[in-house]
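Student: Give the three-dimensional model of this entry:
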Amino acid sequence: MPYCTECGGKLVWDRKLRQYSCESCGMTFNEAQLSAARDRLYVRNDDEDERKRRRHSEYLDWWFKDKKERR
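Tutor: Below you'll find the predicted structure:
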């Protein structure tokens, strides 16, 4: 059962509209919109973690350089 990306409510398929609608907030999604919304949720977290790792790695590289090279 799919869940709403906005509020976490249960999504119900409406055959006439050919869309999912949330029972809690009333938001509607077609299949492409729902897929894109889910991708944004998961990709955002992965990007943040990757950015933190890269930033940490760059900092360590800078820290271990010779003092003259840091400037």
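Student: for the helix or strand where residue 32 lies, what is the average pLDDT?
Tutor: Using DSSP states H and E, residue 32 maps to helix 31-64. Across helix 31-64, the average pLDDT comes to 83.
Student: Neighbours of residue 6, how many?
Tutor: When neighbours are counted by other CB atoms under 10 Å, residue 6 registers 13. All C-beta spots, glycine's among them, are computed from the backbone N, C-alpha and C.
Student: Report the contact partners of it.
Tutor: 22, 25, 27 (CB atoms under 8 Å, 6 or more residues apart in numbering).
Student: try residue 50
Tutor: Neighbours of residue 50 in contact, by CB under 8 Å, 6+ apart: none.
Student: Could you look up the SS state of residue 6?
Tutor: Judged by DSSP: H, G, I helix; E, B strand; the rest coil, the three-state class of residue 6 is coil.
Student: How much space separates it from residue 40?
Tutor: 12 Å (CB to CB, to the nearest Å).
Student: Skipping adjacent residues, who's closest to the residue nearest the centre of the chain in space?
Tutor: Centroid-nearest residue in the chain, with CA atoms, centre = their mean: residue 41, separated by 2.3 Å. Nearest non-adjacent residue to residue 41, counting by CB to CB, 6 or more residues apart in numbering: residue 5, 6.0 Å away.
Student: Next, the contact list for the one you found, please.
Tutor: Here residue 5 is in contact with 29, 34, 37, 38, 40, 41 (CB under 8 Å, 6+ apart).
Student: any chance of the residues you listed in a markdown table, with distance to residue 63 too?
Tutor: A markdown table is the format used below for these (distance: CB to CB, whole Å):
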| residue | distance to residue 63 |
| --- | --- |
| 29 | 47 |
| 34 | 44 |
| 37 | 40 |
| 38 | 38 |
| 40 | 34 |
| 41 | 34 |
